[in-house]
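# Generate coordinates for the sequence data below:
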Amino acid sequence: MVAPREYQMLAQARQALAGRLDRAHGLALFDRIDWFAALHDRCFPDQPVSIVQAQEGDAQAWLFLLAPAPRRASALANWYSFAWAPVFIGAPDAATRQRLLESLARHLMTRCAQIDLYPLEDAAPLLAALRRAGWFAVQRAMGGRYLLEVEGCCFADYWAARPGRLRNLVKRKGRGDPFALSIATRLTDDLWRDYIDVHDRSWKEAEPGLDFLHDLAERESAAGTLRLGFARLDGRAVATQLWTVERDVALIHKLSHDSAFDHASPGTLLSHAMFKQAIDGDRVRMIDYGTGDNGYKTDWMDRRIPLHRIDAFNPRFPSSWLPAARTAISALVG
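Sure thing, here's the model as predicted:
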């Protein structure tokens, strides 16, 4: 086992990785170095990063973390992240993965008093590694992620299985084709202006990450994985959705609609078109609606998986004792 290494700049980590966390290696979006770099540059520019790596033979484990305060570390993730997890290189088996994680956990004990990690789909390996390294670590379920498995399914069969209220809504609001629906695979300046225009007229508050979404759309457009949908009325966009499709999985990143058209449901009609394109056009095996327990997702999706948060406290630092006790009580009560 090589002693863990730590990087305080994403450029340093990128150089050390030598392309092994690039798209060309078949990695999922949320494990790629471009994802972490854009997330930091656009959403956390004032927070230092702390990227730690452990290696055993050809196998590596990487943790992409922020350092929001002295002796603190957090997952480099936010509401755009469908999941956060250790990233492994070299296809290590389960036992090797566990040794790599324990090495990282012991390294973090030398400088951190507190760590928080979210959103984790499978928290058990990391939780076990932290505890074996001496951390007081607590796991809590926090929210969920919505998935739809459609491998071998056609849209007609999928749609027939949807709740009657959703099918009736689409039938009723879609009479006469009130909106022009389109799905673009290439980003243009005009399309992005339309996207911003819809967002500015939506019910949402000002979006702090529009630059991040633009970077994402540009990268995925260049790769051919972008699906940018619009519903238009008299030429003006009134609803928009940003999806990506890669490795037979469709990811739904962002929805917006002009609140003045709530009564006409342009977003729902656009969703109908986007799901149809993903299932019949792109032939995906899964659609992922991401995090957040929004009620409308249950009409479109079939499965919810829980997401977890780990809070870990270093007993060597007295300053962590009281927060550890409070977190443990909160986990018991919750």
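# which other helices and strands contact the longest strand along the chain?
Longest strand in the chain by number of residues (criterion: DSSP state E): strand 136-149. Judged by 3 or more Cβ pairs under 8 Å, 6 or more residues apart in numbering; DSSP states H and E, the packing partners of strand 136-149 are strand 114-120, helix 124-133, strand 286-291, helix 297-300, strand 303-313, helix 321-333. Backbone N, C-alpha and C define where each C-beta goes, glycine included.
# Is it possible to get a markdown table of these that adds mean neighbour count and mean pLDDT?
As requested, those are exported to a markdown table (neighbours: other Cβ atoms under 10 Å; pLDDT from 0 to 100):
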| stretch | mean neighbour count | mean pLDDT |
| --- | --- | --- |
| strand 114-120 | 22 | 97 |
| helix 124-133 | 19 | 97 |
| strand 286-291 | 21 | 96 |
| helix 297-300 | 16 | 94 |
| strand 303-313 | 19 | 96 |
| helix 321-333 | 13 | 72 |
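# Could I get the ones you listed in a markdown table, plus columns for distance to Leu269?
Shown next, in a markdown table, are the helices and strands packed on strand 136-149 (distance: least, Cβ to Cβ, whole Å):
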| stretch | distance to Leu269 |
| --- | --- |
| strand 114-120 | 30 |
| helix 124-133 | 41 |
| strand 286-291 | 17 |
| helix 297-300 | 13 |
| strand 303-313 | 24 |
| helix 321-333 | 42 |
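# Let me know which of the ones you listed is the nearest to Gly267.
The closest of the helices and strands packed on strand 136-149 to Gly267 is helix 297-300. By Cβ to Cβ, the value is 11.6 Å.
# CA-only coordinates of the closest one in CSV, if you can.
Provided in CSV are the C-alpha atoms of helix 297-300 (Å, rounded to 0.1, in the frame of the first residue of the first chain):
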residue,chain,number,x,y,z
LYS,A,297,-41.8,12.3,-9.7
THR,A,298,-43.8,9.3,-8.5
ASP,A,299,-46.2,9.6,-11.5
TRP,A,300,-43.3,9.2,-13.9
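# other SSEs contacting it?
strand 136-149, helix 164-173.
# what pairs with the first one, and is each one parallel or antiparallel?
Spelled out, it's strand 136-149. Strand 136-149 pairs in its sheet with strand 286-291 (antiparallel), strand 303-313 (antiparallel), by DSSP bridges.
# what does the last one rub up against?
Contacts made with strand 303-313 from outside it, assessed by Cβ atoms under 8 Å, 6 or more residues apart in numbering, are listed as 83, 113-121, 123, 126-127, 130, 135-149, 291, 293, 298, 320-321, 323-324, 327.
# Mind listing what's buried along the next helix or strand after the longest strand of the chain?
Scanning forward in sequence from strand 136-149 by DSSP states H and E, the next helix or strand is helix 155-160. Residues of helix 155-160 classed as buried by neighbour count (16 or more other Cβ atoms under 10 Å): Phe155, Tyr158.
# Could you do stretch 71-80 as well?
For stretch 71-80, the neighbour count (16+ other Cβ under 10 Å) marks Arg72, Ala73, Ser74, Ala75, Leu76, Ala77, Asn78, Tyr80 as buried.
# Dump these into JSON lines; add distance to Glu220 and secondary structure as well.
What follows is these, written out as JSON lines (distance: Cβ to Cβ, whole Å; DSSP: H, G, I helix; E, B strand; the rest coil):
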{"residue": "Arg72", "distance to Glu220": "32", "secondary structure": "strand"}
{"residue": "Ala73", "distance to Glu220": "29", "secondary structure": "strand"}
{"residue": "Ser74", "distance to Glu220": "26", "secondary structure": "strand"}
{"residue": "Ala75", "distance to Glu220": "22", "secondary structure": "strand"}
{"residue": "Leu76", "distance to Glu220": "20", "secondary structure": "coil"}
{"residue": "Ala77", "distance to Glu220": "19", "secondary structure": "coil"}
{"residue": "Asn78", "distance to Glu220": "18", "secondary structure": "coil"}
{"residue": "Tyr80", "distance to Glu220": "13", "secondary structure": "coil"}
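# In contact with the nearest residue to Arg14 once chain neighbours are set aside, which residues?
Nearest non-adjacent residue to Arg14, counting by Cβ to Cβ, 6 or more residues apart in numbering: Ile33, 5.4 Å away. Ile33 makes contact with Leu10, Ala13, Arg14, Leu17, Leu21, Asp22 under the criterion Cβ under 8 Å, 6+ apart.
# Buried ones among the residues you listed?
Burial by neighbour count, 16+ other Cβ under 10 Å: within these this picks out Leu10, Ala13, Arg14, Leu17, Leu21.
# In helices, which of these appear?
Leu10, Ala13, Arg14, Leu17 (DSSP state H).
# Where does pLDDT dip in this structure?
203-206, 321, 332-334 (pLDDT under 70).
# From Gln241, how far off is the residue lying farthest from the centre of it?
Relative to the mean C-alpha coordinate of the chain, counting by Cα atoms, centre = their mean, the farthest residue is Gly176 (36.5 Å). As defined by Cβ to Cβ, to the nearest Å, Gly176 lies at a distance of 22 Å from Gln241.
# Many thanks, have a good one.
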